[in-house]
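Student: give me coordinates for this.
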Amino acid sequence: MDDADPVGFIGLGHMGEPIALNLLRAGRRLVVWTRRAERVRELTSAGAEGAADVGEVLDRCEVVLLMLADAAALEEVLGWDGSAFAHSLAGRTLVNLGTVSTTSASAFHERVREAGGRYVEAPVSGSRVPAQRGELVVMLAGDGDLDPVERLLAPTSSAVVRCGDVPAATATKLSVNAFLVSLVTSLAESVHLAERSGVDLDVLHRVLDSGPMASAVSRLRLAAMLERDYAPQTAIDDVARNCRLVLELAESAGAAAPMARQSHELYSRASTLGFGADDMAAVVEALRR
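Tutor: Numbering: from 1, shown residues only. Sure, this is the predicted structure:
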């Protein structure tokens, strides 16, 4: 892949849009498509080339990045769900930035290879703010030479980490997510306990932000919980879905995952309470209520 060659980008949602914008700022030529036409117009105003459909992206680009909600969305977009004619993937490299199950990742890898293409998984760790800043962590796995893919994704990330063969990057991402979800759930429990115990919340805020457990994640979510400001970085419904993927992986691997199981129950409850589209910090409301 030459640096001047057009790169396809499918999926311009909450995470896809800032990633695509960073690639444009780095001088990449992008051909973009997403279901919402206004998102395509936003990217074309920033310098991208819009495509009429997925087929046009695949016709014009040998390398195509996908940032879609889940495995079902990827299957639908590629025509694998039976709703449309499956697009030709011969000679194409598909780079999946989204998070799916390890079972789906393996199936996609095999299916793309059988079609004469190459499947590379590159799930990212980080929410919308790190995506906007180009500070995601990319986990990379796939066959063949991955150097061009790593160079392509460098402007979107603070680190690109090679994980091995598919589905190693997905398994790594889900293991990372188990830590992230448990971290925010524990933070919510701490806030709820302090509130019910009459602790001065300004004091709690200062202690947690100043202590050895503080991180970018804890600082962002602690402020959101205390201010009840749940502007979405990573939505509750997405976290609940990721919890399910973690639990599926744990079951298949014979691993215990009690914290992920409890977290899944709490995020699902927060969604039921009406916080599904809000940031994961809103999990504290499942405890407050």
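
Student: and residue 231, how many neighbours?
Tutor: Number of residues near residue 231 (other Cβ atoms under 10 Å) recorded here: 9. Backbone N, C-alpha and C define where each C-beta goes, glycine included.

Student: got a list of what it touches?
Tutor: Going by Cβ atoms under 8 Å, 6 or more residues apart in numbering, residue 231 touches 224, 278, 279.

Student: repeat that for 7 Å
Tutor: Each residue near residue 231 by Cβ atoms under 7 Å, 6 or more residues apart in numbering is listed here: residue 279.

Student: doesn't it belong to a helix?
Tutor: No. Looking at residue 231 with DSSP: H, G, I helix; E, B strand; the rest coil, it is coil, so not inside a helix.

Student: quick one: it and residue 131, what's the gap?
Tutor: 15 Å (Cβ to Cβ, to the nearest Å).

Student: got the phi/psi numbers for the residue of the chain positioned farthest from its centre?
Tutor: Ranked by distance from the centre of the chain (Cα atoms, centre = their mean), the top residue is residue 198, with 37.0 Å. With angles defined as degrees, to the nearest 10, residue 198 sits at phi 80, psi 20.

Student: show the model's pLDDT score for it.
Tutor: Residue 198 is assigned a predicted lDDT (pLDDT) of 98.

Student: what separates it from residue 168, distance-wise?
Tutor: On the measure of Cβ to Cβ, residue 198 and residue 168 end up 48 Å apart.

Student: got it, and residue 75?
Tutor: Residue 75 sits 22 Å away from residue 168, taking Cβ to Cβ as the criterion.

Student: and residue 8, by the same measure?
Tutor: With distances taken as Cβ to Cβ, residue 8 is found 24 Å from residue 168.

Student: which element is residue 81 on?
Tutor: Assigned by DSSP states H and E, residue 81 belongs to no helix or strand.

Student: give the contact list for it.
Tutor: Counted by Cβ under 7 Å, 6+ apart, residue 81 has contacts residue 75.

Student: okay, it: pLDDT?
Tutor: 71.

Student: hmm, back to that, of residue 8 and residue 168, who's got more company?
Tutor: Shown here are residue 8 and residue 168; by other Cβ under 10 Å, residue 8 has more neighbours (26 against 18).

Student: contacts for whichever strand or helix holds the more buried one?
Tutor: With secondary structure defined by DSSP H and E, residue 8 is part of strand 7-10. Residues outside strand 7-10 that contact it (Cβ under 7 Å, 6+ apart) are 20, 28-34, 54, 57-58, 61, 63-66, 77, 152.
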